[in-house]
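Colleague: Here's a sequence, model it:
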Amino acid sequence: MEKYFLGIDNGGTMSKAALFNAQGDEIAAAGKAVETIVLHKSWSERSAITMWNDTLEVVKRVIEKSGVPAEQIAGIACTGHGNGMYMIDEQGEPVRNAINSTDTRAQIYIDNWNNQGLNEDVLPYTTQSLWAAQPNALLCWLRDNEPTVMERARWVLMAKDFIRFKLTGNVHAEITDMSGTSLMNVVSGQYDDKVLELFGIEEYGYLLPPLIGSTEVAGYTTKEVTEQTGLLEGIPVVGGMFDIDACGLASGIVDKGQMSLVVGTWGNNQYIARKPLIDKDLFMTSAYAIPGWYLMLEGSPTSASNLEWFIRNFMNAEQEKLGDDFYPWLNEQVANVSPAESEVIFHPFLYGCNEESTLSAGFYNLGGEHTKFHLLRAVYEGIVFAHKRHIDRLLNFREKPEVIRCTGGATQSEVWMQMFADVIGIPVEVPGGTQLGALGAAMAASVGVGEYESLQDAVRYMTKMESRYEPDLDRGSVYQAKYEKYKEIIRCLN
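Modeller: Model (predicted):
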């Protein structure tokens with residue numbers, strides 16, 4: 001009897017699920033847009049209960065669309081956005097809205113810690129930069145602003161850990177996700193009282209759930225889940241992983257020679273190695289899903305969420321009119337404006353900045369001849385330039401890769417993928433499938449239930465490269481000139 005594996009992915013903009021066979025073929029997928037709650041400037045929240053209900057809905061749709069008998073679904077794993085915070089009480093109920101990874105309410109704590117030099121003190125333990133949406137800073141903010149919430153809280157969870165808890169009734173914190181929160185010692189792979197003491201949150205150590213590995217069985221689907229989704233009761237649910245790990249696995253990243261990009265709400269650029277890189281000029285080192293490996297990442301919320309903002313505010317009518325044909329049409333409009341035709345520059349800093357400053361987003365070099373399609377191309381280009389800034393930093397620590405693997409919604413755009421290849425100057429490969437985060441999670445499930453011995457084996461059998469984009473040197477020179485202007489404007493504004 002053929003086995004199938006369900007991957008569930010709750011990212012910054014969508015709740016998704018997809019079903020895969022043991023060869024990594026995507027049998028069915030479904031998704032639902034996330035509703036972001038903005039109660040105050042700098043806040044970004046969501047309802048955890050709504051996320052759970054949306055997850056139940058998309059899982060049910062996947063099972064119905066696939067036509068796969070429920071008894072052939074052998075394992076489940078979850079992935080999702082890292083950081084932010086999902087807090088529940090002793091009964092498992094959320095104590096407040098969940099906080100997203102683009103939230104910046106706790107920036108004052110980061111500024112104070114950096115001014116005190118605390119970033120240098122904690123770096124040998126946490127191996128990452130400090131930023132406002134990490135739970136360490138959010139715990140401080142909640143302590144000082146919502147003390148009654150802290151009194152009710154029992155567990156701090158990440159997005160996918162909350163969903164796994166709802167599937168099984170068991171509370172765990174999976175190690176790849178938790179290793180990106182500045183709440184543990186990444187080098188030792190364990191919680192460390194010293195880390196909490198340095199941040200002044202040692203009193204909240206009891207909020208940290210037991211750690212579990214990506215492929216360890218965390219529990220089994222409950223009767224309640226069965227009634228709402230069509231899944232069978234008792235299906236193994238494994239630890240799952242941080243979405244950057246899931247996309248890395250779906251890209252075939254199993255050794256240090258490779259590099260991958262995730263073009264999503266966050267722009268993540270990463271590679272893996274056996275030894276953790278600890279450097280103040282690197283954004284983050286975290287545990288990778290493959291035991292004994294670490295993931296080195298440069299990332300920021302400077303990616304495709306900026307395009308969604310532009311569409312929502314300036315192209316909503318076209319999107320409503322065209323429906324499913326909108327994004328193909330959108331890419332055609334970008335292609336109709338040549339790289340050399342417009343000198344408009346866009347800084348994709350709507351939700352954060354990846355420079356050593358607090359710059360806001362902006363369009364530059366606008367002229368009366370420009371239309372919104374010139375601005376649209378500038379948004380595409382600006383997002384690629386933001387990724388290149390991160391890649392340039394990573395290349396300070398390693399050799400240039402022969403190829404870069406790319407995942408995320410942008411991979412559905414051939415014009416955008418070609419732009420990445422031309423700007424970066426390295427061939428770009430795109431894995432097959434539409435839900436690559438869910439595929440990475442499904443790989444963990446396949447290992448957890450014994451279909452494959454290791455994640456390396458799962459990658460070998462379940463990943464396939466679908467397309468490749470070679471850099472064009474002529475276009476690359478045009479983009480390089482624009483990229484220099486992009487950086488020069490940043491220098492002038494600082």
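
Colleague: Which parts of the stretch 251-400 of the chain are helices?
Modeller: 305-314, 316-322, 326-335, 372-394 (DSSP state H, counting those that start in this stretch).

Colleague: Start and end of stretch 292-309, how far apart?
Modeller: 39 Å (Cα to Cα, to the nearest Å).

Colleague: Leaving out sequence neighbours, find the closest residue to residue 406.
Modeller: residue 261 (4.7 Å; Cβ to Cβ, 6 or more residues apart in numbering). C-beta here means a position set from N, CA and C on the backbone, and glycine is covered the same way.

Colleague: need the contact list for that neighbour.
Modeller: 267, 268, 269, 270, 387, 391, 404, 405, 406, 407, 408, 420 (Cβ atoms under 8 Å, 6 or more residues apart in numbering).

Colleague: mind listing which of those residues are in strands?
Modeller: Mapping the contacts of residue 261 onto strands (DSSP state E) picks out 267, 268, 269, 270, 404, 405, 406, 407.

Colleague: Next one: the first one from residue 19, what distance?
Modeller: Same thing as residue 267. 28 Å (Cβ to Cβ, to the nearest Å).

Colleague: Neighbour count for the two, which is higher?
Modeller: Shown here are residue 267 and residue 19; by other Cβ atoms under 10 Å, residue 267 has more neighbours (29 against 26).

Colleague: Which pLDDT value goes with the more buried one?
Modeller: For residue 267, the model assigns a pLDDT of 91.

Colleague: Residue 305 too?
Modeller: 89.

Colleague: Give the burial count for it, as a bare number.
Modeller: 20.

Colleague: doesn't residue 349 make contact with it?
Modeller: No: in this structure, residue 305 is not within contact of residue 349 by Cβ atoms under 8 Å, at 11.1 Å.

Colleague: could the helices of the stretch 251-400 of the chain go into TSV alongside distance to residue 458?
Modeller: Below are the helices of the stretch 251-400 of the chain laid out as TSV (distance: least, Cβ to Cβ, whole Å):
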stretch	distance to residue 458
helix 305-314	30
helix 316-322	37
helix 326-335	30
helix 372-394	26
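
Colleague: most packed of those?
Modeller: helix 372-394 (a mean of 22; mean count of other Cβ atoms under 10 Å).

Colleague: Restricting to C-alpha, output it in CSV.
Modeller: Extracted in CSV, the C-alpha atoms of helix 372-394 (Å, rounded to 0.1, in the frame of the first residue of the first chain):
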residue,chain,number,x,y,z
LYS,A,372,2.8,52.4,-12.1
PHE,A,373,4.3,49.6,-14.2
HIS,A,374,7.8,51.2,-13.9
LEU,A,375,7.2,51.3,-10.2
LEU,A,376,6.1,47.7,-10.3
ARG,A,377,9.3,46.7,-12.0
ALA,A,378,11.2,48.7,-9.4
VAL,A,379,9.5,46.7,-6.6
TYR,A,380,10.6,43.4,-8.2
GLU,A,381,14.1,44.7,-8.6
GLY,A,382,14.3,46.3,-5.1
ILE,A,383,13.4,43.0,-3.5
VAL,A,384,16.1,41.2,-5.5
PHE,A,385,18.6,43.9,-4.5
ALA,A,386,17.7,43.4,-0.8
HIS,A,387,18.4,39.7,-1.2
LYS,A,388,21.7,40.5,-2.9
ARG,A,389,22.7,42.6,0.1
HIS,A,390,22.3,39.5,2.3
ILE,A,391,24.0,37.2,-0.2
ASP,A,392,27.0,39.6,-0.3
ARG,A,393,27.3,39.4,3.4
LEU,A,394,27.1,35.6,3.4
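
Colleague: all strands of the stretch 151-300 of the chain, in order?
Modeller: 155-157, 173-174, 211-212, 217-220, 236-238, 241-242, 259-263, 267-273, 284-287, 294-300 (DSSP state E, counting those that start in this stretch).

Colleague: which other helices and strands contact the first one?
Modeller: Under the contact criterion of 3 or more Cβ pairs under 8 Å, 6 or more residues apart in numbering; DSSP states H and E, strand 155-157 touches strand 86-88.

Colleague: Show the subsequent helix or strand relative to the strand it packs on.
Modeller: Toward the C-terminus, strand 86-88 is succeeded by strand 98-99 as the next helix or strand (DSSP states H and E).

Colleague: what's the most distant pair in the ones in strands among the contacts of residue 261?
Modeller: 267 and 405 (14.6 Å; Cβ to Cβ).

Colleague: Most tightly packed of the strands of the stretch 151-300 of the chain?
Modeller: Most buried among the strands of the stretch 151-300 of the chain, given mean count of other Cβ under 10 Å as the contact rule, is strand 241-242, at a mean of 34.

Colleague: Each with direction, which strands does that one pair with?
Modeller: strand 73-80 (parallel) (DSSP bridges).

Colleague: taking the mean pLDDT, what do you get for the partner strand?
Modeller: 98.

Colleague: Same check on stretch 415-422?
Modeller: In the prediction, stretch 415-422 has an average pLDDT of 97.

Colleague: now the helices: where do they sit in the stretch 101-250 of the chain?
Modeller: 107-116, 118-126, 135-145, 147-152, 159-168, 175-178, 193-199, 223-229, 243-250.

Colleague: Could you give the separation of the first one from the chain centroid?
Modeller: Relative to its chain's centre, helix 107-116 lies at 25 Å (Cα atoms, centre = their mean, to the nearest Å).

Colleague: Equivalent analysis for stretch 140-149, please.
Modeller: Distance, centroid of stretch 140-149 to centroid of chain: 27 Å (Cα atoms, centre = their mean).

Colleague: Name the surrounding residues that touch that stretch.
Modeller: 87, 95, 96, 105, 106, 109, 150, 199, 200, 201, 204.

Colleague: for residue 52, what are its contacts?
Modeller: 162, 163, 166.

Colleague: Setting aside sequence neighbours, what's the nearest residue to the second one?
Modeller: Spatial nearest neighbour of residue 163, chain neighbours left out: residue 78 (4.9 Å); criterion: Cβ to Cβ, 6+ apart.

Colleague: same thing with residue 389?
Modeller: residue 354 (5.8 Å).

Colleague: Surely that neighbour and residue 386 touch.
Modeller: Yes: counting by Cβ under 8 Å, residue 354 touches residue 386, with 5.8 Å between them.

Colleague: Pull up the overlap in contacts between those two.
Modeller: 267, 300, 302.

Colleague: residue ranges with poor pLDDT in the stretch 101-250 of the chain?
Modeller: Within the stretch 101-250 of the chain, the set of residues satisfying pLDDT under 70 is empty.

Colleague: that older thread, could you export the contacts of residue 52 as CSV, including neighbour count?
Modeller: Putting these into CSV (neighbours: other Cβ atoms under 10 Å) gives the following:
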residue, neighbour count
162, 27
163, 28
166, 21
